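Asks: next come a sequence and a model predicted from it.
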Amino acid sequence: MPRVDFESKPWELPNLDRVYVVRPTWVHYGHPDLEASHAFLIDFGFQECHRTANPERIFYKGYNDQPVLYVAEKTDVPQFFGGSLEAKSLEDLERAAKLPGAGRIRDSDFPGGGKVVTVIDPDNVPINVVFGYETVERGDPPQSVNSYNFPQESDDTKPRRGAFQRVPPGPAPVYKLGHFGHKASNIAILSAWYMKHFNLRSVDVQGNPFVKDEDMAVFYNIDLGNHFSDHHSFFHFAFFPGQKFPGPHHASFEVHDFDIQQQGHYHLLRNKYTQMWGLGRHLLGSQIFDYWYDPHGFTIEHYSDGDVVNEDNIPERHTVERMEEFTIWGGPLNLKGAFEGDARPKIAA
């Protein structure tokens, strides 16, 4: 049965060829109806930052210091060109070019420039490694709520006095790409491959409630030693019942706080987009989640208030009997559409 091996701590095994990365950078999807996707992505909270005619692409950023977070490309069928991780150094990028399935180092034609290597993993899914792009000026966070008036002994001691909670309606501005991941044909093989070749550490493993003695998901923290980073920046998910193909699972983008997230949630509802799951709070990672389907069936998430961990956090396996137990609170899943494997995205290397 496919089980993730985290007990042997494979990320600690000596490997002179290991590629060290520091953070996720962008995800790249192909959309047959580029303008429908553009409308959705603007409503989701991205800022358009660049367009090209050949190939026909629209680039989007958030308000962090990265020049691009999401790339939408005009394609005949829905496609996935992969997500990317930022290499720690040029030497790490060069090591990425020597991995099994790696292409050559090439100049990036995305905003910010730099270099990129595309690696095809054992599931024939691309993972990109980038280095040397120019950062941009970090933007201001959106207007948020004032201090919360939690119960106090006296109203005179409440922190928000004479001020109001009146956040204007509209999209939830995206800050950064927090994580992305793949559906895996064999989660044991894929997790071993990624933990061998990258500084990815399985901070939590999720047992499969449908199949005994099998793992459903593995969440990878970028191992920065005693420095903290997001609970997971990359992940693998085993197939749900009905799924048949490896490929993209979802990409998740951080927003400022819960109120901003709710603002974006209701903006998307008002614009008649299809919700997948949320709002809720995950058990693993603790983040407040809100998943949506884009116009071509890809899953995309807003999240806020996620955990950060370091080498002192001990990996665990969590097994429950029902999917709902993987949330602290939240509603039911809508597993119709591409998430369930009804429409297979084409993998584009």
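Replies: Received, thanks. Numbers count the residues shown, from 1 in each chain.

Asks: OK, contacts around the nearest residue to residue 188 once chain neighbours are set aside?
Replies: Nearest residue to residue 188, sequence neighbours excluded (C-beta to C-beta, 6 or more residues apart in numbering): residue 2, at 4.2 Å. C-beta here means a position set from N, CA and C on the backbone, and glycine is covered the same way. Counting by C-beta atoms under 8 Å, 6 or more residues apart in numbering, residue 2 makes contact with 186-189, 214-215, 238.

Asks: read off the pLDDT value for residue 283.
Replies: Residue 283 carries a pLDDT value of 90.

Asks: residue 240 now?
Replies: 68.

Asks: same check on residue 342?
Replies: pLDDT, read off for residue 342, is 39.

Asks: next one: residue 322
Replies: Residue 322 is assigned a pLDDT of 70 by the prediction.

Asks: the nearest residue to it once chain neighbours are set aside sits in which helix or strand?
Replies: Nearest residue to residue 322 in three dimensions, chain neighbours excluded: residue 209, at 5.8 Å (C-beta to C-beta, 6+ apart). Taking DSSP states H and E as the definition, residue 209 sits outside all helices and strands.

Asks: before we move on, the earlier item: report the buried members of the contacts of residue 2.
Replies: Neighbour-count burial (16 or more other C-beta atoms under 10 Å) applied to these gives 186-188, 214-215, 238.

Asks: inside helices: which ones of these?
Replies: Judged by DSSP state H, those include 187-188 as members of helices.

Asks: with distance to residue 322 added, can I get the buried ones among the contacts of residue 2 in TSV?
Replies: Compiled in TSV, those are given as follows (distance: C-beta to C-beta, whole Å):
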residue	distance to residue 322
186	24
187	20
188	23
214	16
215	16
238	16
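
Asks: closest to residue 99 among the contacts of residue 2?
Replies: residue 189 (15.3 Å; C-beta to C-beta).

Asks: next, count neighbours for the residue lying closest to that closest one once chain neighbours are set aside.
Replies: With C-beta to C-beta, 6+ apart as the criterion, residue 189 has its nearest non-adjacent residue at 5.9 Å, and that residue is residue 122. A count of nearby residues for residue 122, using other C-beta atoms under 10 Å, gives 16.

Asks: what of residue 10?
Replies: By the criterion of other C-beta under 10 Å, residue 10 has 18 neighbours.

Asks: just give me the neighbour total for the nearest residue to it once chain neighbours are set aside.
Replies: The shortest distance from residue 10 to any non-neighbouring residue, by C-beta to C-beta, 6+ apart, is to residue 195 (4.5 Å). Neighbourhood size, residue 195 [other C-beta under 10 Å]: 26.

Asks: residue 61 contacts residue 41, doesn't it?
Replies: No. When contacts are counted by C-beta atoms under 8 Å, residue 61 is not listed as touching residue 41 (11.1 Å).

Asks: and residue 317, what is it in contact with?
Replies: Contacts of residue 317 (C-beta under 8 Å, 6+ apart): 4, 6, 204-207, 215.

Asks: hang on, I meant residue 171
Replies: 42-45, 263-264, 267.

Asks: again, only using 6 Å
Replies: Counting by C-beta atoms under 6 Å, 6 or more residues apart in numbering, residue 171 makes contact with 43, 45, 264, 267.
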